[in-house]
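Engineer: sequence-free structure coming up:
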């Protein structure tokens with residue numbers, strides 16, 4: 001398994017993973033909105049055999 005920073009070309013695969021993991025679009029939309037809004041501190045993907053199998057997203061906490 002490899003863990004690396006998310007790349008722009010990973011976005012669709014990460015979105016599909018989040019949709020599958022959480023059973024819908026809510027979490028996938030939230031990750032997209034936080035990423036697009038510039039709130040991401042870190043976004044990492046885990047790969048197994050070249051396929052994204054995990055995603056860790058850390059965002060800024062706003063007061």
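Structural biologist: It's in. On a predicted model such as this, the values are computed, not experimentally measured, just so you know.
Engineer: Next, the residues that contact the helix or strand hosting residue 44 from outside, please.
Structural biologist: Using DSSP states H and E, the element containing residue 44 is strand 40-48. Residues outside strand 40-48 that contact it (Cβ atoms under 8 Å, 6 or more residues apart in numbering) are 1-6, 10, 14, 34-35, 52-60. To be clear about C-beta, it is placed using only N, CA and C from the backbone, and glycine gets the same treatment.
Engineer: tell me the mean pLDDT over it?
Structural biologist: Strand 40-48 shows a mean pLDDT of 96.
Engineer: Listing request: residues of the protein with sub-threshold pLDDT.
Structural biologist: Scanning the chain for pLDDT under 70 picks out the ranges 63.
Engineer: Going along the chain, name the strands of it.
Structural biologist: Counting by DSSP state E, the segments of the chain that form strands are 2-5, 40-48, 51-59.
Engineer: just so I know, which of those strands lies nearest residue 19?
Structural biologist: strand 51-59 (11.3 Å; Cβ to Cβ).
Engineer: so that closest one versus strand 40-48, what angle?
Structural biologist: Angle between the axes of strand 51-59 and strand 40-48 is 160 degrees (criterion: axes from the mean of the first three to the mean of the last three Cα atoms, to 10 degrees).
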